[in-house]
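Asks: Model the structure of this input:
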Amino acid sequence: MDILDRIEQGLDGIRPYIASHRGSVEIIDFDPADGRLVLRLGGTCQGCSAASVTLKQGIETRLRDAVPEVRIVEAV
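Replies: Numbers count the residues shown, from 1 in each chain. Model prediction:
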C-alpha cells in the first residue's frame, strides 16, 4: 500500500467526526521529501475558528501516528 493510500485510510478514521459537524477533508498534495501534507477543509470546517485545532490536534496527530512519513499537516 502506498503512502497516499495509508493517508486516506487515516483520514477515513477521522472523516465521520468531521462529517458529524458538516465538514469535509480532502488531500491536495503530499511531498514525501519533507513530509508535508496539504489538505483542504470544506463544508462548515472552512473558516471555522476551531478548524486549526481540528487540523493540528486531531488530523495531524492521528496521521503522524498512522503514517510516520507525514511530519507536517497544513490546510489551504
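Asks: Just the buried positions in stretch 23-32, please.
Replies: 23, 25, 30 (16 or more other CB atoms under 10 Å). Bear in mind the C-beta positions are built from the backbone N, C-alpha and C, glycine included.
Asks: can I get these in JSON lines with secondary structure?
Replies: As requested, the buried residues of stretch 23-32 are exported to JSON lines (DSSP: H, G, I helix; E, B strand; the rest coil):
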{"residue": "Gly23", "secondary structure": "strand"}
{"residue": "Val25", "secondary structure": "strand"}
{"residue": "Phe30", "secondary structure": "strand"}
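Asks: Need the residue closest to the centroid of this structure.
Replies: Centrality entry for the chain: nearest residue to the mean C-alpha point is Ile59, 4.6 Å, by CA atoms, centre = their mean.
Asks: which other helices and strands contact the lowest-mean-pLDDT helix or strand in the chain?
Replies: Using mean pLDDT, DSSP states H and E, helix 51-53 stands out as the lowest-scoring helix or strand of the chain, at a mean of 84. Applying 3 or more CB pairs under 8 Å, 6 or more residues apart in numbering; DSSP states H and E, we find helix 51-53 packed against no helix or strand.
Asks: So Val70 is in contact with Gly35, correct?
Replies: Yes - counting by CB atoms under 8 Å, Gly35 is a contact partner of Val70 at 5.6 Å.
Asks: Would you map the strands across this protein?
Replies: 23-31, 36-43, 72-75 (DSSP state E).
Asks: Convert the last one to CSV, retaining C-alpha atoms only.
Replies: This points to strand 72-75. What follows is strand 72-75, C-alpha atoms only, in CSV (Å, rounded to 0.1, in the frame of the first residue of the first chain):
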residue,chain,number,x,y,z
ILE,A,72,3.6,18.4,8.9
VAL,A,73,-0.1,18.9,8.0
GLU,A,74,-1.3,22.2,6.5
ALA,A,75,-4.6,23.5,5.2
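Asks: Just to check, Val41 is in contact with Val25?
Replies: Careful, residue 41 is Leu; it's not Val. Yes - contact criterion CB under 8 Å: Leu41 and Val25 qualify, at 5.6 Å.
Asks: any common contacting residues for the two?
Replies: Common contacts of Leu41 and Val25, defined by CB atoms under 8 Å, 6 or more residues apart in numbering, comprise Ile18.
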